[in-house]
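# Task: produce atomic coordinates for the following.
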Amino acid sequence: MSDTIQTGAIARDADGTSPVWVRLIPRVIGAWILAGALFKLLAGTPAHLPEVVRDLSPLGLQVTYQLVIAIEFVLVVLAFFRPRWAWFWLAGCLAVFVAILASQIAAGKTNCGCFGANFSPNPWVMLAIDGALLGLLLASRPWSQLPRGGAHLVVLLVLGSVLAALPFVYSREATIPSRTTGTAGGSDQVPVQKRNAYVVLDVESMVGQSVDATPFASAIDVFTELPLDGVWVVYRHTCQHCEEHLRLMAERELGNRMIGLVRLVEKIDDDQNRIVYTLPTGPHVLHAEMPDTVEYVIQTPAELLVEGGMIVDAKEGVDPSGGF
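This next block holds a predicted model:
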């Protein structure tokens, strides 16, 4: 009997009402969410958002990305300082993660390089972690086991507000370095960019614009390096879908229209991870490259239909057998 009492005392916190492991679980989940939020803030890009979020959000990729990070930071504050309040929202967050990962696995989603070769989370590993955390949280019965109280509301409000504002104050979104920017000595060196900088190339928002008003014009002389009437194809060397799409184009595009191939150069590109080798060829094909000084947030292959120097249609994630 005395052994049982001693064991129970060891397993409970000082207030004698809640087992240590029950209090620990929300904080472990908070640490896990914090790791994800910090990765997004310091090294990730909007490409890491789930596809359903990217497609459904009306706010645009960048604002949606910042808002997601802000929400995760607020959840972390609650998880550490008011777990009795946080458990429901933590469970909901993990449940959403699990549902999205399960749908990705069911659809056979893998890293095809469409968002760059650096974008390679394993959905099975993430599902195992999120599912295990969700199961442990629910098994701990936090609605009855977690103690009430915690940090003062003023502390929560101040800390939560500061962290929620962080992704809007610190942003790694950048602009494409201009090809004409030089130093005082007249060299063609590009200016120094933010660390891990990225650029969102939302080609669908470019419809109706002149080619020289698009972000591509910052790095490419669009009037000489790309056709003003025809199709621009944006691709990566590391993209499996790009390889399939361009291989089919090489068979079908025999000179009936002009083709502009725009390669997104990445710092990680080498002979080992290169997939794209077969490209359309001939006098009707023009080539251009975007510099590797930033990371490009766009689902490749993407196509832009150009008529008279105007973008008249555009889409990302073109099906290998589709396109304009």
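# quick one: contacts for Arg141?
Neighbouring residues of Arg141 by Cβ atoms under 8 Å, 6 or more residues apart in numbering: Val22. Backbone N, C-alpha and C define where each C-beta goes, glycine included.
# separation between it and Ala91?
12 Å (Cβ to Cβ, to the nearest Å).
# again with Val318
38 Å.
# which of these two has more neighbours?
Val318 (21 against 18; other Cβ atoms under 10 Å).
# The stretch 201-324 of the chain: helices as residue ranges?
With DSSP state H, counting those that start in this stretch, the ranges of helices along the stretch 201-324 of the chain come out as 216-219, 222-225, 240-252.
# a markdown table for these, including mean neighbour count, distance to Asp270 and mean pLDDT?
Below are the helices of the stretch 201-324 of the chain laid out as a markdown table (neighbours: other Cβ atoms under 10 Å; distance: least, Cβ to Cβ, whole Å; pLDDT from 0 to 100):
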| stretch | mean neighbour count | distance to Asp270 | mean pLDDT |
| --- | --- | --- | --- |
| helix 216-219 | 21 | 21 | 92 |
| helix 222-225 | 15 | 24 | 94 |
| helix 240-252 | 18 | 16 | 93 |
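# Kindly reformat the ones you listed as CSV containing distance to Val96.
Converted to CSV, these look like this (distance: least, Cβ to Cβ, whole Å):
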stretch, distance to Val96
helix 216-219, 35
helix 222-225, 41
helix 240-252, 27
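# With Val285 as the reference, name the closest of the ones you listed.
Val285 lies closest, by Cβ to Cβ, to one member of those: helix 240-252, at 9.3 Å.
# which helices and strands sit right next to that closest one?
strand 230-235 (3 or more Cβ pairs under 8 Å, 6 or more residues apart in numbering; DSSP states H and E).
# How about residues contacting the strand it packs on?
Contact with strand 230-235 is made by 201, 203, 216, 226, 242, 245-246, 249, 257-264, 276, 284, 298, 300-306, 323-324, as judged by Cβ under 8 Å, 6+ apart.
# Among those residues, which lie within strands?
Ile259, Gly260, Leu261, Val262, Arg263, Leu264, Ala302, Glu303, Leu304, Leu305, Val306 (DSSP state E).
# With distance to Val294 and pLDDT added, can I get these in TSV?
Formatted as TSV, these follow (distance: Cβ to Cβ, whole Å; pLDDT from 0 to 100):
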residue	distance to Val294	pLDDT
Ile259	25	96
Gly260	20	96
Leu261	20	97
Val262	15	97
Arg263	14	96
Leu264	10	95
Ala302	16	95
Glu303	21	96
Leu304	19	96
Leu305	25	96
Val306	23	96
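# Could you point out which of those residues is nearest to Ala43?
Leu264 (18.4 Å).
# Give me the neighbour count for the closest one.
25.
# again with Val74
That count, for Val74 with other Cβ under 10 Å as the rule, works out to 19.
# So which elements touch the helix or strand encompassing Ala91?
With elements taken from DSSP states H and E, the one containing Ala91 is helix 83-106. Where contact means 3+ Cβ pairs under 8 Å, 6+ apart, helix 83-106 is packed against helix 20-42, helix 51-56, helix 61-81, helix 123-139, helix 142-145.
# Separate out the buried members of the contacts of strand 230-235.
Neighbour counting over these (16 or more other Cβ atoms under 10 Å) leaves 201, 203, 216, 226, 242, 245-246, 249, 258-264, 276, 284, 298, 300-306, 323-324 as the buried ones.
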